[in-house]
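[1] structure for the following, please:
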Amino acid sequence: PNSFADLAEQNRPIVVNIYSTQTIKARNLPYEYFFNNEQIPEMFKHFFDMPQGQNQNQQAMPTEKRTSLGSGVIASSDGYILTNNHVVENADEINVRLYDAEEYRAKIIGRDPKTDLALIKINPKHELKAVTGKGRAIGDGPYQNFIQTDASINPGNSGGPLFDMAGQLVGINTAIYSRSGGNIGLGFAIPSNMAKSVFTQLKATGKVVRGMIGVMIQPVTQDLARQFKLDRAIGALVGQVTPGGPAEKAGIKAGDIITSFQGQAINQGSMLPAMVAETPVGTKAQVGIWRDGREQMVTVTIGELPEEHGNLGGGQASGGKNTGDDLGFTVQALTPELGQSLGLAEKSGLLVMDVRPGSIAAEAGLAKGDLIVEAGTGQQREPVRTVKELETILTQHKDQNILLLVRSHKQSRFVLLKRK
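    The predicted model follows:
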């Protein structure tokens with residue numbers, strides 16, 4: 001195209017408008033806000049104009065129709081359309097309008113909340129013009145790895161295409177960054193190569209299957225690299241291994257650093273999740289790990305990523321004992337009663353009760369509610385069950401940085417307390 005106007009005119013038939021309708025219960029505030037559909041105590045019911053002995057769930061709740069507007073991209077000539085998951089999620093009715101004002105009722109083929117993509121289908125009266133995708137090798141990042149663009153993305157553009165000047169699709173518009181709600185030139189699109197992969201799976205099976213090896217990882221910083229005797233900050237540091245998962249069966253442990261996957265170097269830890277996710281379930285993958293100052297190779301059989309689970313319940317606790325005053329945090333030994341009250345599955349460890357703002361612990365990212373399960377230096381760590389055990393380790397290594405293995409919200413991570 002010779003201009004943006006020519007480009008827009010050329011690609012108009014590929015872009016559709018999507019109108020989704022959802023039926024929701026009207027909010028009867030304030031009681032719904034305060035009690036969230038739970039039983040209202042008798043003593044409060046007169047505040048909400050409710051008869052004594054009647055629960056609000058027994059009343060006929062009024063409903064209303066809510067319509068959302070979005071966009072979509074025609075992915076195949078027979079009526080498959082890619083859009084954002086948030087455009088059609090929970091929709092009771094989905095209507096699609098083509099560039100020539102033709103309208104069709106659409107049905108959901110499949111949704112993938114992890115990438116915010118959805119595939120819908122219409123039955124057109126004629127063959128449609130479909131998008132031409134441009135392959136992009138992004139390679140690093142989790143399941144959502146956005147392209148940043150300064151192209152205007154406004155309300156109603158979600159799910160629409162991001163084209164290059166050759167008229168090829170490079171992404172699916174999904175979000176903007178704005179403090180006011182208006183466009184300030186910071187938009188984000190899902191890369192076309194990721195969209196193509198999701199489209200293929202949703203069309204075939206209605207769902208997306210991702211590989212997993214069963215580890216929680218974190219980036220390797222320069223300080224962590226020195227702790228683990230790596231000459232540079234590369235790889236993905238394993239903070240937790242899922243019991244019974246593929247990684248555990250292959251012998252991978254917390255404290256290992258994954259440096260390669262299927263022959264490809266992991267230069268940044270953020271590369272690993274997408275690489276594993278795109279590997280077919282059942283594949284015997286060759287994984288390079290750094291342990292005890294040398295590299296090893298292990299074979300991991302890729303498993304299927306299960307649905308995500310919720311976080312642990314929160315809670316408040318009091319008491320605790322200062323430890324490592326120069327580090328700036330307070331801990332308390334985890335008791336069965338305390339663990340149960342906080343909804344923790346762990347049986348032992350040290351619960352962080354307080355972190356002093358501006359302290360070494362605060363700067364390292366230690367937070368109230370974290371559970372310290374191991375402490376030491378580098379790969380020489382020991383379990384800590386009592387405050388005395390932690391104090392002994394801090395004293396033994398009083399002139400060294402301290403590496404903690406910390407658990408919170410069913411995930412583990414390493415925290416490096418830098419004394420020097």
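[2] for the spatially closest residue to residue 84 that is not a sequence neighbour, grab phi and psi.
    Once its chain neighbours are removed from consideration, residue 84 has its nearest residue in residue 159; the separation is 4.0 Å (Cβ to Cβ, 6 or more residues apart in numbering). Using the backbone N, CA and C atoms, a C-beta is placed for each residue, glycine as well. Recorded main-chain torsions at residue 159 are phi 90, psi 0, according to degrees, to the nearest 10.
[3] so residue 159 makes contact with residue 82?
    Yes: Residue 159 is within contact range of residue 82, at 7.3 Å (criterion: Cβ atoms under 8 Å).
[4] shared neighbours of those two, anything?
    Among the neighbours of residue 159, those also in contact with residue 82 (Cβ atoms under 8 Å, 6 or more residues apart in numbering) are 72, 73, 118, 172.
[5] give me phi/psi at the third one?
    So that's residue 118. phi -140, psi 150.
[6] now it, which residues is it bridged with?
    Judged by DSSP bridges, the bridge partners of residue 118 are residue 83, residue 111.
[7] how many neighbouring residues does it have?
    The burial count assigned to residue 118 is 28, neighbours taken as other Cβ atoms under 10 Å.
[8] what separation do you get for it and residue 247?
    Here the criterion is Cβ to Cβ, to the nearest Å. By it, residue 118 lies 31 Å from residue 247.
[9] for the last one, same thing?
    To residue 247, residue 172 is 32 Å away according to Cβ to Cβ.
[10] which of the two has more neighbours?
    Between residue 172 and residue 247, residue 172 has the larger neighbour count (other Cβ under 10 Å), namely 29 against 24.
[11] excluding its backbone neighbours, what's nearest the more buried one?
    Residue 172's closest residue in space is residue 190 (Cβ to Cβ, 6+ apart), at 4.5 Å.
[12] which SSE is immediately downstream of the top helix by length along the chain?
    Counting residues, the longest helix found in the chain (DSSP state H) is helix 192-205. Proceeding C-terminally, helix 192-205 gives way to strand 211-212 as the next helix or strand, assigned by DSSP states H and E.
[13] strand partners of that next one, parallel vs antiparallel please.
    Looking at strand 211-212 with DSSP bridges, its paired strands and their directions are strand 303-304 (antiparallel).
[14] how far out from the middle of the chain is the longest helix of the chain?
    Put simply, helix 192-205 sits 19 Å off its chain's centre (Cα atoms, centre = their mean, to the nearest Å).
[15] could I have that helix exported to PDB, CA atoms only?
    Presented in PDB, the C-alpha positions along helix 192-205 are these (Å, rounded to 0.1, in the frame of the first residue of the first chain):
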ATOM      1  CA  SER A 192       0.700 -13.500  15.500                       C
ATOM      2  CA  ASN A 193       2.800 -16.700  16.000                       C
ATOM      3  CA  MET A 194       1.200 -17.300  19.400                       C
ATOM      4  CA  ALA A 195      -2.200 -16.500  18.000                       C
ATOM      5  CA  LYS A 196      -1.700 -19.000  15.100                       C
ATOM      6  CA  SER A 197      -0.700 -21.700  17.600                       C
ATOM      7  CA  VAL A 198      -3.700 -21.100  19.800                       C
ATOM      8  CA  PHE A 199      -6.000 -20.900  16.700                       C
ATOM      9  CA  THR A 200      -4.900 -24.300  15.500                       C
ATOM     10  CA  GLN A 201      -5.500 -26.000  18.800                       C
ATOM     11  CA  LEU A 202      -8.900 -24.300  19.500                       C
ATOM     12  CA  LYS A 203     -10.100 -25.200  16.000                       C
ATOM     13  CA  ALA A 204      -9.100 -28.800  16.400                       C
ATOM     14  CA  THR A 205     -10.200 -29.500  19.900                       C
END
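[16] centre-most residue in this structure?
    Within the chain, the residue whose C-alpha comes closest to the C-alpha centroid is residue 114; the distance, by Cα atoms, centre = their mean, is 6.9 Å.
[17] mind listing the strands for the stretch 151-300 of the chain?
    Under the criterion DSSP state E, counting those that start in this stretch, the stretch 151-300 of the chain contains strands at 161-163, 169-176, 187-191, 211-212, 215-219, 236-241, 257-261, 264-265, 284-291, 294-301.
[18] figure out which of the ones you listed is closest to residue 384.
    Evaluated with Cβ to Cβ, the strands of the stretch 151-300 of the chain place strand 236-241 nearest to residue 384, the distance being 16.0 Å.
[19] number of nearby residues for residue 77?
    Here the number of neighbours of residue 77 (other Cβ under 10 Å) works out to 12.
[20] I'd assumed it was in a helix, is it?
    No: applying DSSP: H, G, I helix; E, B strand; the rest coil, one finds residue 77 to be coil, outside a helix.
[21] quick one, grab the pLDDT at it.
    We note a pLDDT of 93 for residue 77 in this prediction.
[22] wait, it sits on residue 131?
    No: proximity of residue 77 to residue 131 does not meet the contact threshold set by Cβ under 8 Å, at 10.3 Å.
[23] low-confidence ranges in the stretch 301-420 of the chain?
    Along the stretch 301-420 of the chain, the model assigns pLDDT under 70 to residues 307-325, 337-338, 340-341, 420.
[24] where do the helices sit along it?
    In order along the chain, the stretch 301-420 of the chain carries the following helices (DSSP state H, counting those that start in this stretch): 336-341, 360-364, 387-396.
[25] what's the most buried one of the ones you listed?
    Highest mean neighbour count of the helices of the stretch 301-420 of the chain: helix 360-364, a mean of 19 (counted as mean count of other Cβ atoms under 10 Å).
[26] residues contacting it, please?
    Residues beyond helix 360-364 that count as contacts (Cβ under 8 Å, 6+ apart) turn out to be 326, 327, 328, 329, 355, 356, 415, 416, 417, 418, 419.
[27] ok, the closest residue to the third one other than its chain neighbours to residue 223 distance?
    Distance criterion Cβ to Cβ, 6+ apart; nearest residue to residue 328, sequence neighbours excluded, is residue 359 at 2.3 Å. Look at residue 359 and residue 223: by Cβ to Cβ, they are 17 Å apart.
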